[in-house]
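After the sequence you'll find the predicted model.
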Amino acid sequence: KAGVTQTPRYLIKTRGQQVTLSCSPISGHRSVSWYQQTPGQGLQFLFEYFSETQRNKGNFPGRFSGRQFSNSRSEMNVSTLELGDSALYLCASSDRTGAVEAFFGQGTRLTVV
Amino acid sequence: AQSVTQPDIHITVSEGASLELRCNYSYGATPYLFWYVQSPGQGLQLLLKYFSGDTLVQGIKGFEAEFKRSQSSFNLRKPSVHWSDAAEYFCAVGGLGTGGFKTIFGAGTRLFVKA
């Protein structure tokens, strides 16, 4: 079984731009959760999608949004990028809602300059 | 809502020595408990999990963890550490909160292994 695939692996963007990150979960998994990881804040939950519906949301501003497609692939979008958005963005795939026993992708390293 | 605390930001052990990483959680009912490991620049890999039953759980790479309800703890142990175990370790707790089931991660403990 293929693992969780996140693209791109690395990204450099300028303040004010927007960015879209992609996550393909393990085949058969319907839950995709997104996390932001920074040295200062650790792993922070962004949101979870299950069968194309947002099931849960963390405490992030509305600039952070996501969606899930019928094939369970998910995208995360960040608009009006700020320097503080620089982070490793991790996607987790699970066959149950709530990121139970999740499988993680390698992440997308986003740098905002 | 659940929360999880990993009291040690970093730990250094000698290769071959035993290891214990601490994890304390807060949750009103029996939680789902996990330990994950992250190598630099990589995603997280599940080491082991506890849902119910035997409170001593075995995981991959020779790790084990013990659920102690009275202490609200789920400490990770390994009898003999290898240099390849150097990484960051995350304890996580899953449970029902407002908005549904959610898994929350601790801040992580970075393990250094000295020769």
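Structure received.

Helix or strand for residue B:113, just tell me which one.
Assigned by DSSP states H and E, residue B:113 belongs to strand B:109-114.

Just give me how far the lowest-mean-pLDDT helix or strand in chain B sits from the chain centre.
Lowest mean confidence among the helices and strands of chain B (mean pLDDT, DSSP states H and E): strand B:100-105, at a mean of 83. On the basis of CA atoms, centre = their mean, to the nearest Å, strand B:100-105 sits 15 Å off its chain's mean C-alpha point.

so where's chain A uncertain?
A:1 (pLDDT under 70).

quick one on the thing from earlier: run through the neighbouring helices and strands of the strand holding residue B:113.
If you count contacts as 3 or more CB pairs under 8 Å, 6 or more residues apart in numbering or on different chains; DSSP states H and E, strand B:109-114 packs onto strand B:10-14, strand B:19-21, strand B:87-97. Where you see a C-beta, it was placed from the backbone N, CA and C, and this is true even at glycine.

residues contacting residue 37?
In the absence of a named chain, chain A is used. A:43-44, A:87-90, A:107 (CB atoms under 8 Å, 6 or more residues apart in numbering or on different chains).

The chain in question should be chain B.
Contacts of residue B:37 by CB under 8 Å, 6+ apart are B:44-45, B:47, B:61, B:87-90.

Also residue B:107?
So residue B:107 contacts A:42, B:5-6, B:9 (CB under 8 Å, 6+ apart).

now, which of those residues sits nearest residue A:99?
Nearest to residue A:99 among these is residue A:42, at 15.3 Å by CB to CB.

show me what contacts residue B:58?
Taking CB under 8 Å, 6+ apart, one finds B:48, B:64 in contact with residue B:58.

can you list the residues of chain B near chain A?
B:32, B:34, B:36, B:41-46, B:49, B:90, B:94, B:99-108 (CB under 8 Å from any CB of the partner chain).

Keep only those of the contacts of residue A:37 that are in strands.
With DSSP state E as the criterion, strands contain A:43-44, A:87-90 from among the contacts of residue A:37.

Could you find the closest non-adjacent residue to the residue nearest the centre of chain A?
In chain A, the centroid-proximal residue (CA atoms, centre = their mean) is residue A:34; its distance is 3.4 Å. Excluding the flanking residues, the one nearest residue A:34 by CB to CB, 6 or more residues apart in numbering or on different chains is residue A:46, at 4.1 Å.
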